[in-house]
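Asker: all I have is the shape, not the residue letters:
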Ligand SMILES: [Zn+2]
């Protein structure tokens, strides 16, 4: 494994801790999706099993992204977690996707799946509205 040093200004110990937090959140989100979905279609079940066990596969990710358009907040949260794990693997984790600045450990610890710094998140929420996932 070995995350590249200095990603988002985080040291190895901080990264390990956030990776743990993400894994835990993902488990909770998966459980939440299963609960909220009641009976999953076979396709869904396969997809979630995929995400839970391997966490990779561009196809599964594309399918999942499409699914999220009409999905619950739980699913959206799960997608954010999967995205964060991908950024972790590629060494982009901890950097704001809008301005490229370090998001900061305190914010990431509170919200491990955050992809923007506080400032850009506020701007994004003003742009799209806080109820982005409703309707
Ligand atoms: Zn930013």
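Answerer: Happy to help now that I have it. Just so you know, these numbers come straight off a predicted model, no measurement behind them.

Asker: show me what the top helix by length along the chain is packed against.
Answerer: Scanning the chain for the longest helix, with DSSP state H as the assignment, gives helix 12-37. Where contact means 3 or more C-beta pairs under 8 Å, 6 or more residues apart in numbering; DSSP states H and E, helix 12-37 is packed against helix 42-53, helix 73-90, helix 105-110. Using the backbone N, CA and C atoms, a C-beta is placed for each residue, glycine as well.

Asker: one more time with 6 Å, if that's ok
Answerer: helix 73-90 (3 or more C-beta pairs under 6 Å, 6 or more residues apart in numbering; DSSP states H and E).

Asker: just the mean pLDDT for the helix it packs on, thanks.
Answerer: For helix 73-90, mean pLDDT rounds to 89.

Asker: by contact count, what packs against that helix?
Answerer: Contacts defined by 3+ C-beta pairs under 6 Å, 6+ apart place helix 73-90 against helix 12-37, helix 58-68.

Asker: list the buried residues in the longest one.
Answerer: Residues of helix 12-37 classed as buried: 14-15, 17-19, 21-22, 25-26, 29-30, 32-34, 37 (neighbour count, 16 or more other C-beta atoms under 10 Å).
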